[in-house]
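Enquirer: Need coordinates for the below:
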Amino acid sequence: MAGMSRKTEAGATAPGSNESTVLAGNHEALASWPVVRDCARFLRDEKAQDVQVLQVSVRSSFADFFVIATAQSAGQLKGFVRNVDEVLARHGVRAKGGKRSVNDDDTWVLLDCGEFIVHLMLREAREFYDLEKLWFDSPRLADLV
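Expert: Predicted coordinates:
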């Protein structure tokens, strides 16, 4: 989605309000939300574990959202990468780096889609890096997908 804007007027903070609440309340105003929602739904429907969507635009200038999901095996991780690429393509989005191969010993694959990042991880990597703890003050939107 070349040309997606980073923020919109609707995502602006009202005077005296809590920025996290305002941004989370207006997550749909961010141009990348429809594809983020579809990626998260796809992963949930395909039995990825603990699918989370974090709105990192509260603290980040490089992305609006993180989609984080856990694969149960290296084979499932490979399948998620291949199929998420197809979900992205339906929205006209290409992850930076183009086609990627996933090795049997990979535990984390990051798909940088510009305005959002998809993190596909095996359980041990997810527990070790604990992105949700690192981004603890980012609104969680998984219930909205």
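Enquirer: now the longest helix seen in the chain, how far from the chain's geometric center?
Expert: Using DSSP state H to define each element, the chain has its longest helix at helix 74-90. Distance, stretch centre to chain centre, for helix 74-90: 13 Å (Cα atoms, centre = their mean, to the nearest Å).
Enquirer: in that helix, what counts as buried?
Expert: Neighbour counts using 16 or more other Cβ atoms under 10 Å place 76-78, 80-81, 84-85, 87-88 of helix 74-90 among the buried residues. The way it works is simple: take the backbone N, C-alpha and C, and place the C-beta from them, glycine included.
Enquirer: what about the strands in this protein?
Expert: 49-55, 65-71, 108-112, 116-122 (DSSP state E).
Enquirer: packing partners for the second one?
Expert: Meaning strand 65-71. helix 33-45, strand 49-55, helix 74-90, strand 116-122, helix 123-129, helix 131-134 (3 or more Cβ pairs under 8 Å, 6 or more residues apart in numbering; DSSP states H and E).
Enquirer: rewinding a little: what does the longest helix of the chain rub up against?
Expert: Contact partners of helix 74-90, identified using Cβ atoms under 8 Å, 6 or more residues apart in numbering, comprise 35, 38-39, 42-43, 46, 48, 69, 71, 94-95, 99-100, 102, 104-106, 109, 111, 113, 118, 120-122.
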